[in-house]
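A.B. asks: predicted coordinates and the sequence they were generated for:
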Amino acid sequence: MNQTPASSHSEQETPSVAEATPVVVFRNVSIAFDGPPVLDDVSFTIAPGETRILLGPAGVGKSVLLKLVNGLLRPDQGSILLFGEEISHMPEQQLFPLRTRTGMVFQEGALFDSLSVRDNVAFQLIQERVPDDEINRRVRDALRFVELEETFDLFPASLSGGMRRRVAIARAFIRQPELLLYDSPTGGLDPLTSTTIIELIVKERDVYHTPSIMVTHRIQDAFLLCNNRFDPEQGCMVPYPKGETDPSTTFLMLEEGRLIFDGSLHQLVKSKNPFVREFLE
Amino acid sequence: MAIAMIEKTAKNLVLTVQDYSLFAWRAFTNLYRPPIYWPEFLIQADIIGFGSLSIVILTGFFTGGVLALQSAATLSAFGATAVTGEFVSMTMIRELGPILTGVMVSARNSSSMASELGSMVVTEQIDAMRALGVDPMRKLVTPRIAATICMLFFLTIVSDAFGIAGGGAVTVFMNHQNGTQYFDMAWEHLRYPDIIQGLVKPLFFGYILSSIGCFYGLRTTGGTEGVGRSTIQAVVWASVLIIFVDFFLTQVLLSLFATL
């Protein structure tokens, strides 16, 4: 069993990250829905510039944890700090401005069916009454980032599953959020499309250094994210030299609502925890 | 076992009533607080108002016709077929116009609101909206409620007009009575309290049918099956509540106008 706290790992590998004020702090968070706890006494932090990969099989509470981060769900116990503000008991109206500082990519994209790709990506900008010309320019930039500029006028129904996720990523990126939350962004996609999505996440991580949490049950995607970097000269994802991994990317693992691992890729593969071993193998 | 089931059902019922009361209060207060999403209001007004026009016209016209047929048959026994116009107009304006329009619009729009919002819940679009910093209550619920209250008021007037016209058509073409007499009687005996009664009711019914539709839509759980369940519950409860509230509202309005 490996229960290395995030801070100690960060002290070892990324001292500058550990010293900064955490973007997200979970302290002894528990939540249940008409039954046994979905999350039980979960504590961890996310430092600025840090990418956390939340691993675990289906149904262990990964998506619930992600929804707790931006206050879409409220914990039964414990406290959650987002950008230094306690949000566990914050009224919904006060949470809205805080949420605009985060970007979230949902499991199936969660695009608004009745709106075009342009209006989906620009949803927040439209609410803020940004002028149309600027909206169009920023939407095109965001769509170019996910390499889907040609979908500007299309509706979500005419997009494939992978394209929907990429549009959802563009929607999450457009206001350059201070925290990104990815809920199984590759779930149900073919390997090639999954790699495209991971490449976008790597690109975002290495270009903008936005702190993020990526929920996944696919270990290959987690390794891909950790073992690659974005090369701006080549304009694509390239692997780190053998034995090196991204220093800002670390892992969390859940088992039946409990956080059983918090550490680096190196620590993960060396873990003696039988659940971690079984999951990796 | 049976007691446990009764207890669970009772608790669920109380919880639903509590949740709906809180929801209805929040929706009501949102009607008077900015931001008000005017484009959404206009879109919903078009969907609810113009979209329901045909069913309201048809329902109103044939209900007026049936009223004329039935009343003429009964009134002829007393030699009072001349008051068919008064009977039809009074019944349509005071009672059947508002209630039939409410129930018809509820069948069409409570269901569509529940299924639309329910689908958005199960596909996480509601959560996505909240994550993007927009309040679904203000963006989705308030425009629907405001548009329904506004449009049901006008749809009721349309229903009343076509009901009286339907009664007139039956009186002239089927009962072979004098049309001028029918419309004279329909107009002459109409008083302001009758009109006010008929126009106050749709304001309440509009609020009930839209808030119930949105309420059941937003508390959808259980995927596509859950959407179907929410739709049924929305239509059933909106229709029942409209008739239930109509009973008490009629009593209040009658006693109010009796004292004037």
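C.D. replies: Good, I have the coordinates.
A.B. asks: show me the contacts for the residue nearest the centre of chain B.
C.D. replies: Compute the mean C-alpha point of chain B, and by CA atoms, centre = their mean the closest residue is residue B:102, 2.0 Å away. Contacts for residue B:102 (CB atoms under 8 Å, 6 or more residues apart in numbering or on different chains) come out as B:152, B:156, B:201, B:202, B:205, B:206, B:208, B:209, B:242, B:246. All C-beta atoms are positioned from the backbone trio N, CA, C, and that covers glycine.
A.B. asks: state whether it is indeed within a strand.
C.D. replies: No. Membership of residue B:102 in a strand is not supported by DSSP: H, G, I helix; E, B strand; the rest coil, which gives helix.
A.B. asks: ok, it to chain A distance?
C.D. replies: 27 Å (CB to the nearest CB, to the nearest Å).
A.B. asks: quick one: name the residues of the stretch 1-150 of chain A near chain B.
C.D. replies: When proximity is defined as CB under 8 Å from any CB of the partner chain, the stretch 1-150 of chain A approaches chain B at A:67, A:70, A:72, A:92-93, A:96-97, A:99-100, A:102, A:104, A:106-108, A:110-113, A:123-124, A:127.
A.B. asks: just the buried members of these?
C.D. replies: A:67, A:70, A:72, A:96, A:99-100, A:102, A:104, A:106-108, A:110-112, A:123-124, A:127 (16 or more other CB atoms under 10 Å in any protein chain shown).
A.B. asks: now, those that are in strands?
C.D. replies: The strands, defined by DSSP state E, take in A:102, A:104 from those.
A.B. asks: return the residues in contact with residue A:215.
C.D. replies: Residues counted as contacts of residue A:215 (CB under 8 Å, 6+ apart) are A:54, A:62, A:63, A:65, A:66, A:182, A:183, A:184.
A.B. asks: go again with 6 Å.
C.D. replies: A:54, A:62, A:66, A:183, A:184 (CB atoms under 6 Å, 6 or more residues apart in numbering or on different chains).
A.B. asks: tell me which strands and helices the lengthiest helix in chain B is in contact with?
C.D. replies: For chain B, the longest helix by residue count, based on DSSP state H, is helix B:223-259. The elements that helix B:223-259 packs onto, with contact taken as 3 or more CB pairs under 6 Å, 6 or more residues apart in numbering or on different chains; DSSP states H and E, are helix B:97-105, helix B:111-122, helix B:192-218.
A.B. asks: buried residues in it?
C.D. replies: So for helix B:223-259, counting by 16+ other CB under 10 Å, buried means B:226-227, B:229-231, B:233-235, B:237-239, B:241-242, B:245-246, B:249-250, B:253.
A.B. asks: and what of stretch A:171-181?
C.D. replies: Per 16+ other CB under 10 Å, stretch A:171-181 contains these buried residues: A:171, A:172, A:173, A:174, A:175, A:177, A:178, A:179, A:180, A:181.
A.B. asks: what comes into contact with that stretch?
C.D. replies: A:23, A:66, A:69, A:101-105, A:120-121, A:124, A:138, A:142, A:210-213.
A.B. asks: now do the SS call for residue B:84.
C.D. replies: helix.
A.B. asks: and it, what does it touch?
C.D. replies: Per CB under 6 Å, 6+ apart, neighbours of residue B:84: B:68, B:71, B:72, B:171.
A.B. asks: if I look at the most far-flung residue of chain B relative to its centre, how far off is residue A:206?
C.D. replies: Largest separation from the mean C-alpha position in chain B: residue B:1, at 39.5 Å (CA atoms, centre = their mean). Counting by CB to CB, to the nearest Å, the gap from residue B:1 to residue A:206 is 60 Å.
A.B. asks: of the contacts of residue B:84, buried ones?
C.D. replies: Judged by 16+ other CB under 10 Å, buried ones among the contacts of residue B:84: B:68, B:71, B:72, B:171.
A.B. asks: residue A:134: neighbour count?
C.D. replies: 11 (other CB atoms under 10 Å in any protein chain shown).
A.B. asks: tally of neighbours for the closest residue to it other than its chain neighbours?
C.D. replies: Closest residue in space to residue A:134, ignoring its immediate chain neighbours: residue A:125 at 7.6 Å, by CB to CB, 6 or more residues apart in numbering or on different chains. Residues near residue A:125, counting by other CB under 10 Å, number 20.
A.B. asks: can you check the pLDDT for residue A:125?
C.D. replies: The score at residue A:125 is 93. That number is its pLDDT.
A.B. asks: kindly report the same for the one 10 residues further on.
C.D. replies: Here, the pLDDT recorded for residue A:135 equals 95.
A.B. asks: now it. Its backbone dihedrals?
C.D. replies: Here is the backbone geometry of residue A:135 (degrees, to the nearest 10): phi -60, psi -50.
A.B. asks: hmm, it is touching residue A:122, no?
C.D. replies: Yes. Counting by CB atoms under 6 Å, residue A:135 touches residue A:122, with 4.7 Å between them.
A.B. asks: of those two, who's got more company?
C.D. replies: The neighbour count for residue A:135 versus residue A:122, taken as other CB under 10 Å, is higher for residue A:122 (24 against 19).
A.B. asks: any idea how far chain B is from the residue nearest to residue A:134?
C.D. replies: With CB to the nearest CB as the criterion, residue A:125 and chain B are 10 Å apart.
A.B. asks: kindly report the same for residue A:161.
C.D. replies: 13 Å.
A.B. asks: contacts for the longest helix seen in chain A next, please.
C.D. replies: Taking DSSP H as the criterion, chain A has its longest helix at helix A:191-208. Under the contact criterion CB under 6 Å, 6+ apart, helix A:191-208 has outside partners A:51, A:146, A:162, A:165, A:169, A:185-186, A:221, A:224-225, A:228-230, A:237.
A.B. asks: quick check: next helix or strand after that helix?
C.D. replies: Using DSSP states H and E, the helix or strand that follows helix A:191-208 in sequence is strand A:212-216.
A.B. asks: which is the next helix or strand following that next one?
C.D. replies: Heading C-terminal from strand A:212-216 (DSSP H and E), you reach helix A:219-227.
A.B. asks: which strands and helices sit next to that following helix?
C.D. replies: helix A:191-208.
A.B. asks: go with 10 Å
C.D. replies: strand A:51-55, helix A:191-208, strand A:212-216, strand A:236-239, strand A:249-255, helix A:265-270, helix A:274-280 (3 or more CB pairs under 10 Å, 6 or more residues apart in numbering or on different chains; DSSP states H and E).
A.B. asks: just to revisit the earlier point, now the longest helix of chain B: mean pLDDT?
C.D. replies: Helix B:223-259 comes out at a mean pLDDT of 92.
A.B. asks: still on that earlier bit, which of the contacts of residue A:215 lies closest to chain B?
C.D. replies: In terms of CB to the nearest CB, no member of the contacts of residue A:215 lies closer to chain B than residue A:183, at 8.6 Å.
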